[in-house]
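# Pasted the sequence and its predicted model underneath.
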Amino acid sequence: MATVDAYLDPITNDLPAVNRLITGLDLVLQRIRIRLNRNRGEWFIDITAGVPLLDWLAHKPPRLGEIAAFIRSELDSIPGVAGTDEFRSSFDTATRTVRITGVVFTETGDVTTISVESSQAQVGDNPAFWTVFFSAAGA
């Protein structure tokens with residue numbers, strides 16, 4: 001039985017004016033985006049869930065191994081993700097940007113490349129620490 005969920009607008013993280021359902025790769029990518037954009041302490045039901053952003057910001061330079069391991073662990077625990085591979089991390093000292101890249105395999109056989117970058121972006125009305133990019137593997 002396929003897993004189905006409501007589509008959330010990736011910019012506002014809200015339901016669109018016209019509701020629609022998503023499955024497969026779109027659903028897994030939405031789950032990844034939601035998981036990596038939740039800060040620790042933000043969800044009242046489980047304040048231990050989320051990205052430990054404040055812990056990471058306390059270390060200069062950033063602890064790339066710790067950040068990459070956490071992101072990979074989060075990805076591996078998302079329903080629909082079968083596994084991850086080829087994870088690399090880098091830190092650009094000029095722009096102070098952390099970049100984590102890797103490959104995500106889904107339970108439906110899809111493969112996508114993910115790039116997670118630190119940012120000073122504004123997403124909707126909320127500041128976002130991470131910008132998450134996806135592309136088909138090999139693209």
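Sure thing, it's come through. Residues are numbered from 1 along each chain as shown.

# From now on I want contacts and neighbour counts done on CA atoms only, so please keep to that.
Noted.

# and R38, what does it touch?
49-51 (C-alpha atoms under 8 Å, 6 or more residues apart in numbering).

# Repeat the analysis, applying 6 Å as the threshold.
For R38, the contact set (C-alpha atoms under 6 Å, 6 or more residues apart in numbering) comprises G50.

# I47 versus that one, what's the distance?
According to C-alpha to C-alpha, to the nearest Å, R38 and I47 sit 10 Å apart.

# overlap in contacts of those two?
By C-alpha under 6 Å, 6+ apart, no residue touches both R38 and I47.

# For A68, what is the enclosing helix or strand?
Of the helices and strands defined by DSSP states H and E, A68 is found in helix 64-76.

# Any chance you could list what contacts that helix?
Here helix 64-76 has contacts from G83, using C-alpha under 6 Å, 6+ apart.

# List the buried residues in it.
Residues of helix 64-76 classed as buried under the neighbour-count rule (16 or more other C-alpha atoms under 10 Å) are 64, 67-68, 71-72, 74-76.
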